[in-house]
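Novice: below are the sequence and a predicted model for it; my questions follow.
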Amino acid sequence: MRAVLFLSAALFATPAIAQNAQYNLRDTTAVTNVTVGSAQDVGATAVASGNVVSAVTEDTTTTHTNSQHNDGDTAAEANATVWHADGTVAITSAAVANGATAEVTNSTVDINSEQLAHGDASAVTRFTGGNAADAATSASASGNVGAVSAQNSEVRLIANQESTGSISAATEADHCCVSGQAVSGAIASANNLTVGGETSTILTDTRQTATGANVSARVDLYAGYSTDASGNATANANSVTIDNQWGYVNARIDQRATANVDASSYVTLGGDFLGFASSGAYGVGNQAIVSNVGSDTVMDVTQDNAGDISANAATAGEGGVMALASSAAYGNSVSGSLCAYCDTNVPSLQASADQTNSGDVRATATVNTPRAATVGATATAIGNAATYQVRGPGH
């Protein structure tokens, strides 16, 4: 059983068929530990995955069939202590139960993909630091991830993603002094599908279900001193993003979630911040985003969220130029946009959405500083949100 499948369909003179079947029964774990006294730049990464597949198609007609089933837990952990770095420090961890990517160029492709993630996925990044010019820490965890990129092609995609485990991503960073920017991020997603196209026809039918106990993303960033400091946490049960340019799009999306979703970001400055200190948190049960430029677009979305959704952002510091905190929590979110400029045919957007939310939705934003030139805080909590935008010539 292959861990990675790489197919270049251009090697085939006749239409090709690629079949990938992966079944992982056991846990996968990656741990990275780094301790540094003094260095110029420091980087450390931990990546763990149950199943991974990648397909490349060029100048042909192809059918891809993908089946990925992961029953084990997936865990990535990156631990680093760096007392002095003249340059940049970058520490990251990533855990993906099932991952699939496809790159399509000048081709016609049928893709039928099923991803079943039945174990937990967790990514943790822990950092302790002294002095650094710039520092970045991040953690990302996912049950199922699918990504398709198309250029000058026609893609017909049927995708099914099912996640039944808990998903968690956490970043903890403790800095003494960062002369430039200190940045921390955490992303947790039970199911995620992205499709990007240019001069391509995109036809998709996607079903996502997230029934694990929880999906959580957490950032805890502290710096005794930093010019700029920012922390961002993003968590979602189900997410589909389709972004095309100059090609017809027809997207059917069915999303159902019962997992509790939590995104929390805390940024604390022990002293002053010469630039900005900001914290952001975004949590959503089901999210569907479809955008296109210059061509007809059709979207039919059904969303049912039964999990509780929370987003919490807090910023604290002695004083500085700008102190910000922003949080947003949604049970269901749909966004459709069409830019119709430079097209004499005046393409249309046809959108339909059916949203049901039965979970609690809560957002909090807190700023605590004795003095700052600019202070901004916003918290948004919405059960169901649908936004559609069409910009035509002259707009």
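Specialist: Nice, thanks for sending it over. None of the values given here were measured: they were computed from a predicted structure. Numbers count the residues shown, from 1 in each chain.
Novice: pLDDT below threshold where in the stretch 201-350 of the chain?
Specialist: Within the stretch 201-350 of the chain, the segments meeting pLDDT under 70 span 342-344.
Novice: what about the helices in it?
Specialist: With DSSP state H, counting those that start in this stretch, there are no helices along the stretch 201-350 of the chain.
Novice: and for the stretch 1-150 of the chain?
Specialist: Counting by DSSP H, counting those that start in this stretch, the stretch 1-150 of the chain contains no helices.
Novice: any weak-confidence spans in it?
Specialist: Applying pLDDT under 70 to the stretch 1-150 of the chain flags the ranges 1-15.
Novice: how about 90 then?
Specialist: Within the stretch 1-150 of the chain, the set of residues satisfying pLDDT under 90 comprises 1-18.
Novice: which parts of stretch 350-360 are buried?
Specialist: 351, 353, 355, 357, 359 (16 or more other CB atoms under 10 Å). Quick note: C-beta positions are derived from backbone N, CA and C, even for glycine.
Novice: mind putting those residues in CSV, pLDDT, secondary structure and distance to residue 325 included?
Specialist: Formatted as CSV, the buried residues of stretch 350-360 follow (pLDDT from 0 to 100; DSSP: H, G, I helix; E, B strand; the rest coil; distance: CB to CB, whole Å):
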residue, pLDDT, secondary structure, distance to residue 325
351, 97, strand, 33
353, 98, strand, 30
355, 98, strand, 28
357, 98, strand, 25
359, 98, coil, 23
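Novice: the residues you listed into TSV, with extra columns for distance to residue 207?
Specialist: Below are the buried residues of stretch 350-360 laid out as TSV (distance: CB to CB, whole Å):
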residue	distance to residue 207
351	19
353	16
355	16
357	19
359	20
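Novice: which of these lies closest to residue 334?
Specialist: Of all these, residue 334 sits closest to residue 353, with 4.6 Å by CB to CB.
Novice: wait, doesn't the closest one sit right on residue 333?
Specialist: No. Using CB atoms under 8 Å as the test, residue 353 is too far from residue 333 to be in contact (9.9 Å).
Novice: name the residues contacting each of the two.
Specialist: Taking CB atoms under 8 Å, 6 or more residues apart in numbering as the criterion, residue 353 and residue 333 both touch 288, 386.
Novice: give me the beta-bridge partners of residue 157?
Specialist: residue 111, residue 204 (DSSP bridges).
Novice: the one 4 residues further on now?
Specialist: The residues paired with residue 161 through beta bridges, assigned by DSSP bridges, are residue 115, residue 208.
Novice: find the residue at the geometric middle of this protein.
Specialist: Centroid check for the chain by CA atoms, centre = their mean gives residue 187 as the closest residue, at 5.9 Å.
Novice: how much space between the closest residue to it other than its chain neighbours and residue 120?
Specialist: Distance criterion CB to CB, 6 or more residues apart in numbering; nearest residue to residue 187, sequence neighbours excluded, is residue 140 at 4.3 Å. According to CB to CB, to the nearest Å, residue 140 and residue 120 sit 15 Å apart.
Novice: show me what contacts residue 98?
Specialist: Counting by CB under 8 Å, 6+ apart, residue 98 makes contact with 22, 49-52, 68-70, 115-117, 143-145.
Novice: most neighbours among those, please name it.
Specialist: If you count neighbours using other CB atoms under 10 Å, the busiest of the contacts of residue 98 is residue 143, which has 37 neighbours.
Novice: contact partners for that one?
Specialist: Taking CB under 8 Å, 6+ apart as the test, what residue 143 contacts is 97-98, 117, 121, 161, 163, 165, 167, 189-191, 210, 212.
Novice: same deal with residue 157?
Specialist: Contacts of residue 157 by CB under 8 Å, 6+ apart are 111, 113, 148, 195, 202, 203, 204, 205, 206.
Novice: pretty sure the first one sits against residue 149.
Specialist: No. Applying CB under 8 Å, one finds residue 111 not in contact with residue 149, separated by 12.0 Å.
Novice: out of the two, which sits in the busier spot?
Specialist: For residue 111 versus residue 149, the count of surrounding residues by other CB under 10 Å is larger for residue 111: 24 against 18.
Novice: list the contacts of the more buried one.
Specialist: Contacts for residue 111 (CB under 8 Å, 6+ apart) come out as 63, 64, 66, 102, 148, 155, 156, 157, 158, 159.
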